[in-house]
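Participant: Fold the following.
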Amino acid sequence: MLAMLTMTSCNNNNTHPVNNSSQDGTEIASEPETFNPFESFAEHFSETASFAYAEVSGRKVLLVSQETFGNNVNEDKEGIEASIFALDTKDKIVALGSIRSQGTLYPVSLLDGKLMVAGHKFVRVYSIRSEEVPELVLDSFQEGECEELSEMFKTFEKGTPIKFKKSLKE
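Facilitator: Residues are numbered from 1 along each chain as shown. Below is the predicted model of the structure:
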């Protein structure tokens, strides 16, 4: 599904001046609005999508999840999967990949600028290699039943679950 989206059509990094007119018709100058390419990009997803920003490896990324959960309809949700997007050095949106946990006990989380997902017998930690075109990198992966995995779960528990919203404009 992601491959079918046109990622360049909403990559205009422009500012749009806001023109306000007084009652007599004279224009009042105000600050220009900064165009956010992620907001335009988010409009291409289905209404089931939820969105979150995160700072990963010093880079602002957009996370898009189709699988979020929470008890209250009006609150932000946590996600068990996310597709990750970032801007390259030319301000073009780049799809970095997807991450997935193994259920609601292990929401997509952030710790020390790294994304984390887990399951009953695995923990994965991701960062972003910041080059001209950013790249999602698997920093560590532990699976099975071992002492190292227990330590990784303790690390995972220190992370902060990422909160997803239905709109980037909220």
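
Participant: Helix or strand with the lowest mean pLDDT in the protein?
Facilitator: strand 15-16 (a mean of 40; mean pLDDT, DSSP states H and E).

Participant: what about the helix ranked longest in the chain, distance to the chain center?
Facilitator: Ranked by residue count and defined by DSSP state H, the top helix of the chain is helix 147-158. Helix 147-158 sits 24 Å away from the centroid of its parent chain (C-alpha atoms, centre = their mean, to the nearest Å).

Participant: Only the buried residues of that helix, if you could.
Facilitator: Of all the residues in helix 147-158, those buried under the rule 16 or more other C-beta atoms under 10 Å are 149, 152, 155-156. Where C-beta positions appear, they are placed from N, C-alpha and C, glycine not excepted.

Participant: quick one: low-confidence parts of the chain?
Facilitator: Counting by pLDDT under 70, the chain contains low-confidence ranges at 1-35, 170.

Participant: Helices along that one, start to end?
Facilitator: Going by DSSP H, the chain shows helices at 37-42, 147-158.

Participant: Quick check: beta-bridge partners of the residue sitting nearest the centre point of the chain?
Facilitator: With distances taken as C-alpha atoms, centre = their mean, the residue of the chain nearest its centroid is L63 (2.0 Å). In this entry, L63 is beta-bridged to A52, I84, by DSSP bridges.

Participant: How many residues are close by I128?
Facilitator: Neighbour count of I128, defined by other C-beta atoms under 10 Å: 20.

Participant: Look up the closest residue to it, ignoring the ones flanking it.
Facilitator: Nearest residue to I128, sequence neighbours excluded (C-beta to C-beta, 6 or more residues apart in numbering): S57, at 4.2 Å.

Participant: could you list every residue that touches that neighbour?
Facilitator: 113-114, 127-130 (C-beta atoms under 8 Å, 6 or more residues apart in numbering).

Participant: do the same with S109
Facilitator: S109 sits next to 115-117, 156, 159-162 when contact means C-beta under 8 Å, 6+ apart.
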